[in-house]
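**Q** based on what follows, work out the 3D shape:
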Amino acid sequence: QVQLVESGGGLVQPGGSLRLSCAASGSIFSINAMGWYRQAPGKQRELVAAITSGDSTNYANFAKGRFTISRVNAKNTVYLQMNSLKPEDTAVYYCNAEIILNLGHLRRGDYWGQGTQVTVSS
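**A** This next block holds a predicted model:
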């Protein structure tokens with residue numbers, strides 16, 4: 001019914017930048033909040049940044065000043081621009097979205113992408 005497809009991960013040197021994208025598709029009526037989470041080996045998944053349908057944003061402390069979340073509602077897409085990357089940013093990054101589905105009736109659900117690996121290393 002709904003797919004979230006992430007792209008943009010990869011290997012980058014410390015101090016470098018990456019831009020992650022996540023596009024939602026399917027029987028979508030509307031999308032409320034969208035966000036990015038990450039999970040490093042041996043650690044719990046944690047919030048990186050989130051954005052509402054009205055473009056209000058929220059960032060984890062480690063992301064403030066370095067990462068920027070944005071969205072294009074017409075494309076059902078959320079982005080995460082990551083600058084000044086550090087080795088400790090290495091993790092699998094997951095897209096999350098609260099989506100209202102149009103199934104003939106409306107139904108709200110919480111959806112996750114498959115994850116994209118970000119590795120920061122020299």
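
**Q** C-alpha only now, for contacts and for neighbours.
**A** Will do.

**Q** nearest residue to the middle of this protein?
**A** What sits nearest the mean C-alpha location of the chain, by CA atoms, centre = their mean, is Trp36, with 2.9 Å.

**Q** give me every residue that touches that residue.
**A** Trp36 is in contact with Leu47, Val48, Ala49, Ala50, Leu80, Tyr93, Tyr94, Cys95, Asn96, counting by CA atoms under 8 Å, 6 or more residues apart in numbering.

**Q** most neighbours among these, please name it.
**A** Within these, most neighbours by other CA atoms under 10 Å means Cys95, with 30 neighbours.

**Q** that one: which element?
**A** Secondary structure assigned from DSSP states H and E places Cys95 in strand 91-102.

**Q** immediately after that strand, which helix or strand?
**A** Counting by DSSP H and E, what follows strand 91-102 is strand 106-112.
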